[in-house]
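J.: Got a sequence here, can you model it:
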Amino acid sequence: MRRPLTLLAVAVSTVLLGSAVPVAAAPDAHESTVDRIAWTSCGDTATPALQCAMLEVPLDYAHPDGRKIKIKLNRLPATAPKAQRQGPILLNPGGPGDSGLWMPAYITGQIPADVASTYDWIGFDPRGTNGSEPHVVCDAHYFDGERPDYQPGHGTEKAWLARAATYAADCAADWSWITPHMTTVDSARDMDRIRAALGAKKINFYGGSWGTSLGSTYGQLFPSHVRRMVLDSIVGPTISWYDHNILQDKEHERRFRAFAEWTAKADAVYHLGTDADAVTKKYYAMEDALRTAPVSAAPAPGRIGPAEFEDTFYGGGYNFLRWPRMATVLSGYLTRHDSRPLTIAYNRYAAPGADDGAFPNYNATQCTESNWPRDWEFWKKDQAKVNAVAPFYTYNNMWYNAACMFWPHQGGQGRLKITGKGLPPVLLFQATEDAATPYPGAVAMHKALPGSKLVVQNGGSFHEVLFHGNACLDDTFVAYLRDGTLPAGKGFVAKTCAPEADPAPAYVEPTLSAKASAGLSATDRETVHGRF
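T.: Below is the predicted model of the structure:
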C-alpha cells in the first residue's frame, strides 16, 4: 500500500550537507565462516566459459550473524598457466547500482588475450539490484512516459513533488529493512566478502563513474586486500552528492553547446542553422512542440513528451558518438515532420526497463549517505540560480534526485574519508570534458591518494574513457594489468592522451532494428537510470 508523504514535510529548515567522516576499517572477524562460491554455468551461448553464482552476505555488517541477503556474481576464469595467474579482478560500471555482469565478457574482448587470460574477471550486481536477492522495486512504472514536464512554468511542480515524495514513501513502506544498508560502504564490504569467498588474499579492481567511489572506499576499508586498482572517470572523494549534481549541470551545458556547434558546422546535412545559437533554439522549439503534441514511444510504453525528450538528449554528454543520431532527431522532426528518429533514439537511450531498475539503489546510496536539503524553497531558489547558467540539464537533474528531499534515512556514517593510507599505487583515468564526473573530481582523488598516477585525456569527453579504441589510454591500462607498469611522468598529470576525433555528420535513417529496440549494446552502453 502506498503511504504518500505530505508535502508539508519539506517545509522545515534547510539541513546543510554533511562532510565526509571516517568509518572504522575493522577486520572481518567472520571471514573464516564465509562459504566458498559454488560456480555453475551461466548458460551463455555467446560466452560458454562464463560462470554464475549467488553469494550470501550480511544485511547489516554491524550484525554479521543476523539477516542475510544474496549477491549475484559471474566469472570468466583465468586460463593462463597457474604460475602466470594474477588473481581476481572485480568490476563495477557505476550507477550507483548498475549491473556489472556484462563486464567480464566485454572487457576481456577489448584487451590482449595474454593479459586477459591471467585474471579471474568477476562481475556482480550490487545489493538490492538486478539478479541479487532481494531485487528492490519501489515503483515499477516510475519511468514510464509521458511524465510531468521538468521545466517550471508548466504547472508540473506540484506533480513532481508528489511523485518524489510518493516514491520515497513507497521505498520506505516496502523496503525500509534494507535501504539504510545500501550505501557505498555496504557495497564495499560486500566486495570483501566476495574476495574471501574466492579464497583470495588480495583483489584487483576496475571501477568507472560511481565505481570509483566504490573502489576508493574499498581501498580505505581494506588497503591490505588491494593488489591493483584502476579508477576511470572519477567522483571526487569529498564533494556532497547535491553539489556534485550542480557540477554536472554546468558541464552538461558545455557539452550541449559543443553538440550545437558541431551540428551547426554540418548545416548542409541537418539544416538546423549555421551557428550554435540557431541549433539551440531549434532544440527548445522541438521540446516546446512536444508539450502540446507528444508522440508515441512504441515499442516502449506511453508517450514521449518534453521530459522523455530531455532524457534522450542528455546522453550526448556521456558519449559524443551519439551526436549524429541526436542531430537527426531534430532534423527529422523539424525539417521532415518525421518523429521516427526521436522514437528510435528514445528507445535506444532512455526508455524504461521492466521496472525502476537501479533507481532504488541510486537513491538509497546517495540519499542515505548524505544529509540533503529538506526545504523545497531552498531547492527552488538554488536550482533557479544554476538554471540561469545551465538550462539544458538543471531541472532534469533536480527532479531525478528530488526523492532525497523526502528520504527517511539520511546522513548515517556519511561518505568515507579517503586518505589512501596503506594502498599500492592506484591508476586514475579522466577526460577533461566529462560531464557526468567532472574533472575536478579526478584532481581531488589524485590528491587524496598518495602514490596514485593520473592519466588525463585532454579535450576528451567520454564518460569512462577506456575501451573506445584510444591506444594511448587502453595501452596504459593494459600495461598496468600486465605487470604493474605505471606511467613514468613525474608531474601532477603522469600522462596526457589526445581526444578522439569528432564523429562524421550523417543523417541516420530511421530504421528501428531489433538491436535498437532491445536497448543498448555493450559498445553503446549508458546508465539509463543511474547518472554516475
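J.: Counting neighbours, what do you get for Arg36?
T.: Using other CB atoms under 10 Å, Arg36 has 11 neighbouring residues. Just so you know, the C-beta spots here come from the backbone N, C-alpha and C atoms, and that holds for glycine as well.
J.: Contact partners for it?
T.: By CB atoms under 8 Å, 6 or more residues apart in numbering, the contact set of Arg36 is Ala197, Leu198, Gly199.
J.: now do Val226
T.: Counting by CB under 8 Å, 6+ apart, Val226 has contacts Lys202, Ile203, Asn204, Phe205, Tyr218, Gly219, Leu423, Pro424.
J.: In helices, which of these fall?
T.: Judged by DSSP state H, the subset of the contacts of Val226 located in helices is Tyr218, Gly219.
J.: Quick check: of the contacts of Val226, which has the highest neighbour count?
T.: Neighbour counts for the contacts of Val226 (other CB under 10 Å) peak at Tyr218, which has 29 neighbours.
J.: I'd like the distance between that one and Tyr206.
T.: Taking CB to CB, to the nearest Å as the criterion, Tyr218 is separated from Tyr206 by 12 Å.
J.: How about Tyr333?
T.: Noted for Tyr333: a distance of 39 Å to Tyr206, by CB to CB.
J.: quick one: which of those two has more around it?
T.: Taking Tyr333 and Tyr206 together and counting by other CB under 10 Å, Tyr206 has the greater number of neighbours (26 against 21).
J.: Just grab the bridge partners of that one for me.
T.: In this structure, Tyr206 has the following beta-bridge partners (DSSP bridges): Leu91, Val230.
J.: Regarding the chain, what is its longest helix?
T.: Assigned via DSSP H, the chain shows its longest helix as helix 241-265.
J.: for that helix, packing partners?
T.: With contacts taken as 3 or more CB pairs under 8 Å, 6 or more residues apart in numbering; DSSP states H and E, helix 241-265 sits against helix 276-292, helix 323-335, helix 376-389, helix 394-400, helix 439-448.
J.: hmm, try it at 10 Å
T.: Applying 3 or more CB pairs under 10 Å, 6 or more residues apart in numbering; DSSP states H and E, one finds that helix 241-265 contacts helix 267-270, helix 276-292, helix 306-314, helix 323-335, helix 359-368, helix 376-389, helix 394-400, helix 439-448.
J.: was I right about Pro126 contacting Arg189?
T.: No - with contact defined as CB atoms under 10 Å, Pro126 does not count as touching Arg189 (11.6 Å).
J.: Between the two, point out the one with more neighbours.
T.: Each of Pro126 and Arg189 has its neighbours counted (other CB under 10 Å); Pro126 has more, 28 against 22.
J.: Name the helix or strand for that one, please.
T.: Under the criterion of DSSP states H and E, Pro126 resides outside all helices and strands.
J.: From Gly97, how far off is it?
T.: The separation that Pro126 has from Gly97, given CB to CB, amounts to 5 Å.
J.: joint contacts of these two?
T.: Taking CB atoms under 10 Å, 6 or more residues apart in numbering as the contact rule, Pro126 and Gly97 both touch Ser132, Met182, Ser187, Trp210, Ala358, Asn361, Thr365.
J.: Among the residues you listed, give me the pair with the biggest separation.
T.: The most widely separated members of the shared contacts of Pro126 and Gly97 are Ser132 and Trp210, with 16.4 Å between them, by CB to CB.
J.: So between the two, which is more surrounded?
T.: More neighbours surround Trp210 than the other of Ser132 and Trp210, with 30 against 24 (other CB under 10 Å).
J.: Ignoring the adjacent residues along the chain, who's closest to the more buried one?
T.: Phe532 (3.7 Å; CB to CB, 6 or more residues apart in numbering).
J.: Noted, bye for now.
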